[in-house]
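Novice: Quick one, structure for this:
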Amino acid sequence: MIEKLVPPSVASSESLGDVSESLMLPEEAALVTNAVAKRRREFGTVRHLARQALAELGIGPVPVLPGDQRAPIWPAGIVGSMTHCNGYRAAVVARTGDVHSVGIDAEPHGPLPDGVLEAVTVPEELPRLTALSATDPTVHWDRMLFCAKEAVYKTWFPLTGAWLGFEEASVTLLPGGAFYAQLLVPGPWVGNTEITGFTGLWLVEGDLVITAITVPVAG
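Specialist: Residues are numbered from 1 along each chain as shown. Have a look, this model is predicted:
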């Protein structure tokens, strides 16, 4: 599924279930020794998938450890992103010569819990969600918006090393499977260009919503 949302320069791997905890590398296993079984499984599985994706780029097995703000630390010359939710895990990676940053997120395709939408939106997003719901009520657009904003943050952080709040980006979802996120704060500079927003893709597949943003290196 995730491969539909990223360009060919981005390697990906995904799973609908978990792999054995024994596939974690020792450095990874040490971080979740005291965690509950569910946490250990999802932590280990998504890192196993990251190694599968890295292998597509010719990179041998390495531990994928959390760094600042829990963002994964990738090998030199690599950018990537990981996500996990109930029933789905995925990882994507790319070379920095092809992609400046990439961010993915997956969520269950259901309405957001009470109170969450108000906490993650800016005022102009709400009427857009209402219009989308009238156009296509089969999609939980509130959840899609949340998923898109998670992908925005995962794309932003490797470029800045800084926090980005939900209220600092305004997302416009498009019915055809795309979205645009306008940054409401000064954006990161890539070369001589300031990034003022991100363009992404979304997908509904079964009981999942999945979003992805790729910032390609200009050719």
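
Novice: CA atoms for contacts and neighbours, from now on please.
Specialist: Will do.

Novice: Verify the contact between Ile78 and Ala94 for me.
Specialist: Yes: at 5.7 Å, Ile78 and Ala94 qualify as touching, with contact defined as Cα atoms under 8 Å.

Novice: Compare neighbour counts for the two and give me the winner.
Specialist: Taking neighbours as other Cα atoms under 10 Å, Ile78 and Ala94 compare with Ala94 leading, 27 against 19.

Novice: Before we go further, that one is sitting in a strand, right?
Specialist: Yes: counting by DSSP: H, G, I helix; E, B strand; the rest coil, Ala94 is located in a strand.

Novice: Which residue, other than its chain neighbours, is closest to it?
Specialist: Counting by Cα to Cα, 6 or more residues apart in numbering, Ala94 lies nearest to Val10, which is 4.7 Å off, once chain neighbours are set aside.

Novice: Glu205 too?
Specialist: Met1 (7.7 Å).

Novice: Pretty sure the residue nearest to Ala94 sits against Ala91.
Specialist: No: between Val10 and Ala91 there is no contact under Cα under 8 Å: 10.1 Å.

Novice: The two: which has the busier surroundings?
Specialist: Taking neighbours as other Cα under 10 Å, Val10 and Ala91 compare with Ala91 leading, 28 against 23.

Novice: any idea whether the more buried one is helix, strand or coil?
Specialist: Looking at Ala91 with three-state DSSP, the answer is strand.

Novice: How confident was the prediction at it?
Specialist: pLDDT recorded at Ala91 is 98.

Novice: What count of nearby residues applies to Pro123?
Specialist: 10.

Novice: quick one, phi psi at it?
Specialist: phi -50, psi -40 (degrees, to the nearest 10).

Novice: now swap in Val116 and tell me
Specialist: Main-chain dihedrals, Val116, degrees, to the nearest 10: phi -70, psi -40.

Novice: for Val209, same thing?
Specialist: Torsion angles, degrees, to the nearest 10, at Val209: phi -120, psi 140.

Novice: Cys85 too?
Specialist: The phi and psi values for Cys85, taken as degrees, to the nearest 10, are phi -150, psi 180.

Novice: Pull the number of nearby residues for Leu159.
Specialist: Leu159: 16 neighbours (other Cα under 10 Å).

Novice: all helices of this structure, in order?
Specialist: Using DSSP state H, the helices found in the chain span residues 26-29, 37-56, 116-120, 125-135, 141-160.

Novice: Can you tell me which of those helices is most buried?
Specialist: Mean neighbour count (mean count of other Cα atoms under 10 Å) peaks for helix 141-160 among the helices of the chain, with a mean of 23.

Novice: And the contacts of that one?
Specialist: Residues from elsewhere that reach helix 141-160, judged by Cα atoms under 8 Å, 6 or more residues apart in numbering: 71, 79, 81, 100-107, 109-112, 117, 120, 129, 132-133, 162-166, 169, 171, 173, 179, 181, 188, 198, 200, 202, 209-214.

Novice: confidence score at the residue of the chain most remote from its centre?
Specialist: Going by Cα atoms, centre = their mean, the residue of the chain most distant from its centre is Ala134, 27.0 Å out. Looking at Ala134, its pLDDT is 96.

Novice: what does Ala71 give?
Specialist: Ala71 carries a pLDDT score of 90 in this model.

Novice: cool, and Gly219?
Specialist: Note for Gly219: predicted pLDDT of 69.

Novice: Make 391 the starting number, not 1.
Specialist: New numbering, starting at 391: the last item is Gly609.
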